[in-house]
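S.K.: Quick one: sequence and predicted model below, then my questions.
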Protein chains: 2
Amino acid sequence: MAQKDTARSILDAAEELFSERGFAETSLRNITTKADVNLAAVNYHFGSKKSLIQAVFARFLTPFVAELDKALNTCDAEQGEQPADLMSLLRLLSDTALRSGADRPERLRIFMRLLGLAYSQGQGHVRRFLRVEYGHVFRRYSDLLTRATPELSDEDRFWRVHFMLGATMFTLNGVDSLTAMAEHDFGKPTTTPDVIDQLLPFLASGLKSPAGN
Amino acid sequence: MAQKDTARSILDAAEELFSERGFAETSLRNITTKADVNLAAVNYHFGSKKSLIQAVFARFLTPFVAELDKALNTCDAEQGEQPADLMSLLRLLSDTALRSGADRPERLRIFMRLLGLAYSQGQGHVRRFLRVEYGHVFRRYSDLLTRATPELSDEDRFWRVHFMLGATMFTLNGVDSLTAMAEHDFGKPTTTPDVIDQLLPFLASGLKSPAGN
DNA sequence: AAGTGTTTTAAACGTATGTTTGAAACACTT
DNA sequence: AAGTGTTTCAAACATACGTTTAAAACACTT
């Protein structure tokens, strides 16, 4: 019980602080102070700062990937031979992601910030960790995407999928600043699901855009 | 002469190291070692690490923004009342960016990585610096974008422009890894201009995508 | 060649970091 | 209640950082 509480407090504090200030800019002292635990607790429970970072990712990603895997199973079972269409696939992913942080709605935003940081900051160990640990599910999803866009060459699809990834990462990364700007400029409040509703058609149009010119 | 050489060496080394490892992860000792100058030279020539970071941005951005401003002038003069179309505007921006690092072609990639880092890492002072120093030109470009997409509501355009920004940033940010992957998977080599040729139609399609669903 | 302002150098300063330590506090079985 | 394994704690450790200093080296005018 005590173990669980301390480790959880550390993960909570680390998740929030990392997402706000980045990994290198967040010290273990920042984390343990916010979590109200002793400094040494991090190294006791997680071994090192690196392992703590990976644990933060694992806590979000493990249930998410499990849910995504399940969703892909039922998707496969339902459809038989006929492949799922693009928009449904995108919805499947975003719904799973949104549901995965169900306890607190800002969880997805926080996690996306972490993911963006991990990729743009040095943290190569995070990339390696993610690929080794969760790669197979993302490959599965990628195969479905391929079947949903048979008209594209592999090369075109490769690039466009990365364009989509970029738009998504960047947007959800800064979704709090962006929604604040949008609310300031246009009055009406915007939630993360609202933003995703705007994003998905953009992504689908881009992916299906006529090749060449 | 000696002054110029040392300061330039520092900027060169800093630019490269920052783009590879991030700002916080790059120490002044890393930089001065690579530049083969004394540690104190950074504080002597630039005052502080923060100012050095800003100087790295300024060295790329000042000529770029000047060229963009010029390009926008001739663009305005040519067209009179009739607004430039979307694809031309995108081309104008990418051409200016590509030409701006003409001395070395990988310069744009490096700079894009820096920009991405500055936004996803804490570096709020960089954001402030960029807005104060170069904001007006970007506002000018943004106005042209608005006139090129009169069918969009301000709100839709706001979001989609940010989607475009994200796709662009992410792509050019990691363009070296991506081109390496593409070359490995598809054989033929891909240059940054090639990637941009793929990217622009994607962006245009996304921005013009039918609203709603 | 002397003098003057600029640039470089080696060394040190103060501070902050991640990690380790050994004892104290705790929980839980016997 | 004693004993045992786990968890917490304050303190210290070693290291790395950005920055400052004061003297040396340099460039350039007079």
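M.R.: Yep, it's here.

S.K.: packing partners for the strand or helix carrying A:Phe57?
M.R.: Secondary structure from DSSP states H and E places A:Phe57 in helix A:49-79. Judged by 3 or more CB pairs under 8 Å, 6 or more residues apart in numbering or on different chains; DSSP states H and E, the packing partners of helix A:49-79 are helix A:2-21, helix A:40-46, helix A:86-100, helix A:107-120, helix A:124-148. Using the backbone N, CA and C atoms, a C-beta is placed for each residue, glycine as well.

S.K.: Can I get these in TSV including distance to chain B?
M.R.: Below are those laid out as TSV (distance: least, CB to the nearest CB, whole Å):
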stretch	distance to chain B
helix A:2-21	5
helix A:40-46	19
helix A:86-100	8
helix A:107-120	5
helix A:124-148	10
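
S.K.: Deepest in the core, which of the ones you listed is it.
M.R.: helix A:107-120 (a mean of 22; mean count of other CB atoms under 10 Å in any protein chain shown).

S.K.: which secondary structure elements does it contact?
M.R.: For helix A:107-120, the packing partners by 3+ CB pairs under 8 Å, 6+ apart come out as helix A:2-21, helix A:49-79, helix A:86-100, helix A:124-148, helix A:154-173, helix A:175-186, helix B:107-120.

S.K.: returning to that earlier point: show me what counts as buried in the helix holding A:Phe57.
M.R.: A:49, A:51-61, A:64-65, A:67-68, A:71-72, A:75 (16 or more other CB atoms under 10 Å in any protein chain shown).

S.K.: Equivalent analysis for stretch A:27-40, please.
M.R.: Using 16+ other CB under 10 Å as the test for burial, stretch A:27-40 gives A:Leu28, A:Asn30, A:Ile31, A:Thr32, A:Lys34, A:Ala35, A:Val37.

S.K.: Which residues are in contact with the fifth one?
M.R.: With contact set as CB atoms under 8 Å, 6 or more residues apart in numbering or on different chains, A:Lys34 has these partners: A:Ala13, A:Glu16, A:Leu17.

S.K.: one more time with 6 Å
M.R.: With contact taken as CB atoms under 6 Å, 6 or more residues apart in numbering or on different chains, A:Lys34 is in contact with A:Ala13.

S.K.: do the second one as well
M.R.: By CB under 6 Å, 6+ apart, the contact set of A:Asn30 is A:Leu17.

S.K.: quick one: it from A:Leu17, how far?
M.R.: Relative to A:Leu17, A:Asn30 is positioned 6 Å away (CB to CB, to the nearest Å).

S.K.: Using the three-state scheme, assign the closest residue to A:Ala24 other than its chain neighbours.
M.R.: In this structure, A:Ala24 finds its nearest non-sequential neighbour in B:Ala24, 4.0 Å apart by CB to CB, 6 or more residues apart in numbering or on different chains. What DSSP: H, G, I helix; E, B strand; the rest coil gives for B:Ala24 is coil.

S.K.: wait, doesn't B:Ala24 sit right on A:Arg21?
M.R.: No - between B:Ala24 and A:Arg21 there is no contact under CB atoms under 6 Å: 9.6 Å.

S.K.: Report the buried residues of stretch A:192-201.
M.R.: A:Thr192, A:Val195, A:Ile196, A:Asp197, A:Gln198, A:Leu199, A:Leu200, A:Pro201.

S.K.: Model confidence score at the fourth one, please.
M.R.: Just to be clear, that refers to A:Asp197. Note for A:Asp197: predicted pLDDT of 95.

S.K.: What angle do helix B:154-173 and whichever helix or strand A:Val195 is part of make with each other?
M.R.: A:Val195 is part of helix A:192-207 when elements are defined by DSSP H and E. Our comparison of helix A:192-207 with helix B:154-173, counting by axes from the mean of the first three to the mean of the last three CA atoms, to 10 degrees, yields an angle of 60 degrees.
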